[in-house]
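[1] coords below, sequence missing:
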């Protein structure tokens, strides 16, 4: 998260920041400071009301890392059907992480709701990130899923967590 030149701060970004300031009660003293914008975006994540304003800010955010971080955070809080809108708000060059996180959140939700591993498709859990495997071990109660992770999770930590969840 780097500062951007004042010339890189578009009127759209200034407007989006002002709207988020009004919704969150936070003030960004230097709109060119990516860290300050990130703190404002984090404040906007704390409640539902500022989310449309946050989406507008992400669309005009000049720092791809800041935009990607905001989207990565919000994906857990928005309905599954809305995640693609957030991912597409990012520049194509910084979408990969958020695309993967959105897919993985879908897998986690499916498993939490009782979908079996076979229903999710081939290549599992090999294609699951460590983040997803750890979340599954902590949040999914299906013994067949936990046994799969206990036997073939990517790391010892993942295998141990799944084995402990089995009891």
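    All right, it came through fine. What you see is a predicted model; the values in this text were computed from it and never measured. Residues are numbered from 1 along each chain as shown.
[2] Identify the residues contacting the residue sitting nearest the centre point of the chain.
    Geometric centre of the chain, nearest residue: residue 72, 2.4 Å, by CA atoms, centre = their mean. Residues in contact with residue 72, defined by CB atoms under 8 Å, 6 or more residues apart in numbering, are 97, 98, 101. Placement of C-beta: from N, CA and C, glycine included.
[3] Okay, now the unreliable bits of this protein?
    1-8, 118-124 (pLDDT under 70).
[4] Tell me how it divides into domains.
    1-94, 95-167 (automatic domain parsing).
[5] rewinding a little: most neighbours, which of the contacts of residue 72?
    Scoring the contacts of residue 72 on neighbours with other CB atoms under 10 Å, the highest-scoring entry is residue 98 at 25 neighbours.
[6] one step back: so how far is residue 156 from the residue nearest to the centre of the chain?
    Residue 72 is 26 Å from residue 156, where distance means CB to CB, to the nearest Å.
[7] And for residue 164, the neighbour number?
    When neighbours are counted by other CB under 10 Å, residue 164 registers 12.
[8] circling back: any idea how far the residue nearest to the centre of the chain is from residue 58?
    Residue 72 is 11 Å from residue 58, by CB to CB.
[9] okay, and the common contacts of those two?
    Joint contacts of residue 72 and residue 58 (CB under 8 Å, 6+ apart) do not exist.
[10] ok, which stretches of the protein are strands?
    For the chain, applying DSSP state E gives no strands.
[11] What ranges does it have for its helices?
    Counting by DSSP state H, the chain has these helices, from start to end: 11-24, 34-45, 51-60, 64-74, 83-88, 96-112, 117-120, 130-139, 143-152, 156-166.
[12] What are the buried residues along stretch 84-94?
    86, 87, 89, 90, 94 (16 or more other CB atoms under 10 Å).
[13] Now do the contacts for the second one.
    For residue 87, the contacting residues are 71, 75, 95, 98, 99, 102, by CB under 8 Å, 6+ apart.
[14] for the last one, same thing?
    With contact taken as CB under 8 Å, 6+ apart, residue 94 is in contact with 64, 65, 67, 68.
[15] Now with 7 Å, please.
    By CB atoms under 7 Å, 6 or more residues apart in numbering, the contact list for residue 94 reads 64, 67, 68.
[16] The first one reaches residue 96, doesn't it?
    Pointing back at residue 64 there. No - counting by CB atoms under 7 Å, residue 64 stays clear of residue 96, with 11.1 Å between them.
[17] intersection of neighbour lists for these two?
    By CB under 7 Å, 6+ apart, no residue touches both residue 64 and residue 96.
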